[in-house]
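# this one's structure only:
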């Protein structure tokens with residue numbers, strides 16, 4: 001996902017967005033309520049992502065494949081989706097399908 005695509009998608013889904021150019025690539029920071037999702041890009045590809053929710057001071061690394069799911073989810077589901085993404089597993093809906 002290109003940084004500009006993430007920026008546009010996040011805005012459509014109600015996130016506040018900030019981009020910051022870095023020597024190593026672009027850093028895209030998304031805010032929604034008490035949640036903050038930071039995605040570091042190397043060129044057009046996401047390289048590293050962290051999510052910080054209510055309470056924690058430092059970000060928790062998340063599975064890069066879950067970025068889109070986190071951006072699109074409803075505000076009340078961010079905690080569930082973030083927990084699955086932080087565990088390195090597939091997004092929550094895919095995990096439920098695999099289990100049953």
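Received the coordinates, thanks. This one's a predicted model, so the numbers in the text were calculated from it and none came from an experiment.

# every contact and neighbour count from this point should use C-alpha atoms.
Noted.

# all strands for the protein, in order.
Using DSSP state E, the strands found in the chain span residues 16-22, 25-32, 35-42, 45-52, 60-61.

# and the nearest residue to residue 7 once chain neighbours are set aside, how many neighbours?
Counting by C-alpha to C-alpha, 6 or more residues apart in numbering, residue 7 lies nearest to residue 17, which is 6.5 Å off, once chain neighbours are set aside. As a burial measure, residue 17 scores 18 neighbours (other C-alpha atoms under 10 Å).

# list the contacts of residue 17.
7, 10, 11, 28, 29, 30, 31 (C-alpha atoms under 8 Å, 6 or more residues apart in numbering).

# if any of these are buried, put those into a PyMOL selection.
Paste this into PyMOL to select the buried members of the contacts of residue 17, with burial taken from 16 or more other C-alpha atoms under 10 Å:
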select buried, resi 7+10+28+29+30+31
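
# and which of the contacts of residue 17 is nearest residue 68?
Using C-alpha to C-alpha, residue 10 is the member of the contacts of residue 17 that lies nearest residue 68, at 8.9 Å.

# contact partners for the closest one?
16, 17, 30, 71, 72.

# quick revisit: would you mind giving the strands of the chain as TSV with mean pLDDT added?
What follows is the strands of the chain, written out as TSV (pLDDT from 0 to 100):
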stretch	mean pLDDT
strand 16-22	94
strand 25-32	95
strand 35-42	95
strand 45-52	94
strand 60-61	92
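
# would you reformat those as TSV and include distance to residue 3?
TSV is the format used below for the strands of the chain (distance: least, C-alpha to C-alpha, whole Å):
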stretch	distance to residue 3
strand 16-22	8
strand 25-32	7
strand 35-42	7
strand 45-52	8
strand 60-61	18
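
# nearest to residue 2, out of those?
Across the strands of the chain, closest to residue 2 is strand 45-52 (C-alpha to C-alpha), at 6.2 Å.

# so how far is that closest one from its chain's centroid?
7 Å (C-alpha atoms, centre = their mean, to the nearest Å).

# hmm, back to that, so for residue 81, which of the strands of the chain sits nearest?
Across those, closest to residue 81 is strand 45-52 (C-alpha to C-alpha), at 10.8 Å.
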